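> here is the input, now give the coordinates:
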Amino acid sequence: MTAEPVFLTFGDPVPPERRYPADVVARLEPDAREIIARYPDARSALLPLLHLVQSEDGYITPAGIAFCGGLLELTPAEVTAVSTFYSMYRRRPTGDFLVGVCTNTLCAVMGGDEILADLIDHLGVSPGGTTADGSITLEHLECNAACDFAPVVMVNWEFFDNQTPESGRVLVDALRSGEQVTPTRGAPLCTFRETARILAGFPDARPGSSDAAGSAGDPSLAGLLIARDRGMQAPATDRPDLPDNASPDAGRTGAADEAQASRTAADKPAPAPDAQPHDHTATTDSKEV
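All right, here's what the predicted structure looks like:
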């Protein structure tokens, strides 16, 4: 087994096996240039560029890293550092549908652990694995900020709320059979690579997809609706400069200015006891001592 080449600075030669073929470069580069043109600093384009190369390969490959680094004058090490920091960038080949099961506290309490265990048995793969037909990659996910719909399953970053082991099996079977599946909130699913291209900043060209954006559901609004029904309001402020139930930001600028002035005065060193006021009208020749 030969050691992989070490890249120390931008401009080091990239072995041919770690580069995209010329036809892939010709296809990707116009889109990459369009992405880069959106940013005053070209390096800010790295995140969407990583999504772009992920849409090509299904995960972040050495060729994708070299492609991004070459366009942005970054070393492979710098690109790799970013791509391994964010969990949405995959490090291994990914199926057409990335099925993630949340097992953080609330989802676990509501049945997330059972859903994940059932899918492991049903699909015959462990978290991180992909089915033999390449259709499903199963993932164990951290919190997806949808606790009010727990337990939650995500497919290509789209929400499937209030799931059970039975509904999870129905979902993955439908995906594997090629059925069109629509999440609880959002547009019908597209493949993982198509999703990556959308995340790179290119429009979803499917008819009606942009009109299917999800909105907050009843569980998300339950607290607000109860408060309105009971005539509840925020507690009165104990700040004398604000009326009851005023916005916490009201008058904040003036208060901040006063606080800053007080801090400035407090930080200013006091004059020494024997110090005499400086007479700015008098001048001293530095040569005369």
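
> which residues of the stretch 1-150 of the chain fall in helices?
Counting by DSSP state H, counting those that start in this stretch, the stretch 1-150 of the chain has helices at residues 22-36, 46-57, 62-72, 76-83, 105-110, 112-123.

> lowest-confidence stretch among those?
For the helices of the stretch 1-150 of the chain, the weakest mean pLDDT is recorded on helix 105-110, namely a mean of 90.

> next one: that one to chain centre, how far?
Distance of helix 105-110 from the chain centroid (CA atoms, centre = their mean, to the nearest Å) equals 22 Å.

> for that helix, name the packing helices and strands.
In terms of contacts (3 or more CB pairs under 8 Å, 6 or more residues apart in numbering; DSSP states H and E), helix 105-110 is packed against no helix or strand at all. C-beta coordinates here come from the backbone N, C-alpha and C atoms, glycine included.

> in that helix, what counts as buried?
106, 107, 108, 110 (16 or more other CB atoms under 10 Å).

> export only the CA atoms of that helix, formatted as CSV.
Taking C-alpha atoms only, helix 105-110 is exported to CSV below (Å, rounded to 0.1, in the frame of the first residue of the first chain):
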residue,chain,number,x,y,z
THR,A,105,-33.1,13.3,23.8
LEU,A,106,-36.7,14.1,22.8
CYS,A,107,-36.7,12.0,19.6
ALA,A,108,-35.2,9.1,21.6
VAL,A,109,-37.9,9.4,24.3
MET,A,110,-40.6,9.4,21.6
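
> contact partners for the nearest residue to residue 58 once chain neighbours are set aside?
Distances taken as CB to CB, 6 or more residues apart in numbering place residue 94 nearest to residue 58, at 4.8 Å, with adjacent residues excluded. Contact partners of residue 94, counting by CB atoms under 8 Å, 6 or more residues apart in numbering, are 58, 59, 130, 137, 192.

> now swap in residue 28 and tell me
Contacts of residue 28 by CB under 8 Å, 6+ apart are 20, 52, 53, 56, 67.

> now it: how far from residue 20?
Computed with CB to CB, to the nearest Å, the distance linking residue 28 and residue 20 is 7 Å.

> overlap in contacts of these two?
In contact with both residue 28 and residue 20: 56, 67, using CB under 8 Å, 6+ apart.

> list the buried residues for stretch 91-107?
For stretch 91-107, the neighbour count (16+ other CB under 10 Å) marks 94-104, 106-107 as buried.

> an error on my part: the question was meant for stretch 157-172.
The neighbour-count check on stretch 157-172 (16+ other CB under 10 Å) flags 157, 158, 159, 160, 161, 162, 163, 165, 168, 169, 171, 172 as buried.

> secondary structure, pLDDT and distance to residue 88 added to those, as a markdown table?
Output for these, formatted as a markdown table (DSSP: H, G, I helix; E, B strand; the rest coil; pLDDT from 0 to 100; distance: CB to CB, whole Å):
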| residue | secondary structure | pLDDT | distance to residue 88 |
| --- | --- | --- | --- |
| 157 | coil | 91 | 7 |
| 158 | strand | 91 | 13 |
| 159 | strand | 92 | 15 |
| 160 | strand | 94 | 18 |
| 161 | coil | 93 | 20 |
| 162 | coil | 93 | 24 |
| 163 | coil | 95 | 21 |
| 165 | helix | 96 | 26 |
| 168 | helix | 96 | 22 |
| 169 | helix | 97 | 26 |
| 171 | helix | 97 | 21 |
| 172 | helix | 97 | 21 |
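
> which of these sit farthest apart?
Using CB to CB, the pair of these lying farthest apart is 157 and 165, separated by 21.9 Å.

> my read: residue 139 touches residue 130, true?
No - using CB atoms under 8 Å, residue 139 makes no contact with residue 130, being 10.2 Å away.

> out of the two, which sits in the more crowded spot?
Of the pair residue 139 and residue 130, residue 130 is the one with more neighbours under other CB atoms under 10 Å, namely 20 against 17.

> strands along the protein, start to end?
Counting by DSSP state E, the chain has strands at residues 97-102, 136-141, 153-155, 158-160.

> how close does residue 66 get to residue 60?
Taking CB to CB, one finds residue 66 at 11 Å from residue 60.

> the more surrounded of those two?
Set residue 66 next to residue 60 and count neighbours by other CB under 10 Å: residue 60 wins out with 22 against 19.

> so which of the helices of the stretch 1-150 of the chain is nearest residue 89?
Residue 89 lies closest to helix 76-83 among these, at 4.5 Å (CB to CB).
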